[in-house]
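Q: got a structure for you, letters missing:
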């Protein structure tokens with residue numbers, strides 16, 4: 001049998017009203033929290049959509065440039081990321097370099113500034129390409145010597161016994 005509100009004492013009515021107000025306030029707070037979560041998710045989705053649209057435009061531009069490059073050169077252009085991944089920092093131009101002529105290594109050298117050193121060889125050595133292997137300054141003599149003794153490049157000097165001139169003799173390297 002249900003009791004009517006009119007049959008309650010004033011204190012009981014106040015308690016019932018207070019519980020009702022507290023329940024409504026809790027529900028409102030819960031909905032506000034849920035709305036905040038949904039708004040954050042919507043914001044993230046909008047940002048994701050914008051990023052995807054920008055990426056799509058970038059891909060469209062790459063395709064357009066690739067088509068133009070193929071028409072001009074019969075080759076495709078490399079993507080920026082494909083070029084950049086092979087970039088060598090300028091401050092890391094310390095290393096061992098190999099001068100190549102007709103697909104043969106003709107000289108092995110070392111420098112803390114490989115690019116300027118290779119340029120100086122254009123006056124005195126015949127080569128059509130080069131390869132550069134970055135390494136720490138402390139390792140230059142060892143690495144260069146290993147390659148000179150291993151490859152025996154013709155433009156590196158010879159000792160009277162037929163061995164190549166290198167910063168470190170072979171017997172020191174093999175210890």
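A: Arrived safely. The structure displayed is predicted, hence computed values, not measured ones.
Q: contacting residues for residue 129?
A: residue 100 (C-beta atoms under 8 Å, 6 or more residues apart in numbering). For the C-beta atoms, the positions are set from N, CA and C on the backbone; glycine is no exception.
Q: Mind pulling up the pLDDT for it?
A: We note a pLDDT of 93 for residue 129 in this prediction.
Q: Can you tell me how far it is from residue 101?
A: Relative to residue 101, residue 129 is positioned 8 Å away (criterion: C-beta to C-beta, to the nearest Å).
Q: cool, residue 29 as well?
A: According to C-beta to C-beta, residue 29 stands 79 Å off from residue 101.
Q: and the two? which has more neighbours close in?
A: residue 101 (17 against 10; other C-beta atoms under 10 Å).
Q: wouldn't the more buried one be in contact with residue 121 here?
A: No: judged on C-beta atoms under 8 Å, residue 101 makes no contact with residue 121 at a distance of 11.2 Å.
Q: how about the nearest residue to residue 5, chain neighbours excluded?
A: Distances taken as C-beta to C-beta, 6 or more residues apart in numbering put residue 13 closest to residue 5, at 6.3 Å, once the chain neighbours are dropped.
Q: ok, then the element right after the helix or strand harbouring that neighbour?
A: With elements taken from DSSP states H and E, the one containing residue 13 is helix 10-73. If you walk from helix 10-73 toward the C-terminus, the next helix or strand you reach (DSSP H and E) is helix 80-84.
Q: same question for that next one, mean pLDDT?
A: According to the model, helix 80-84 has a mean pLDDT of 81.
Q: Walk me through the domains of the chain.
A: Listed domain ranges for the chain are 8-73, 90-173 (source: automatic domain parsing).
Q: any common contacting residues for residue 101 and residue 121?
A: With contacts taken as C-beta under 8 Å, 6+ apart, residue 101 and residue 121 have residue 127 as neighbours in common.
Q: Can you list the low-confidence ranges for the protein?
A: The model of the chain has pLDDT under 70 over residues 1-2, 65-75, 88, 91-92.
Q: what about residue 141, distance to residue 148?
A: With the distance defined as C-beta to C-beta, residue 141 ends up 10 Å from residue 148.
Q: More neighbours: which of those two?
A: For residue 141 versus residue 148, neighbours defined as other C-beta under 10 Å are more numerous around residue 148 (24 against 16).
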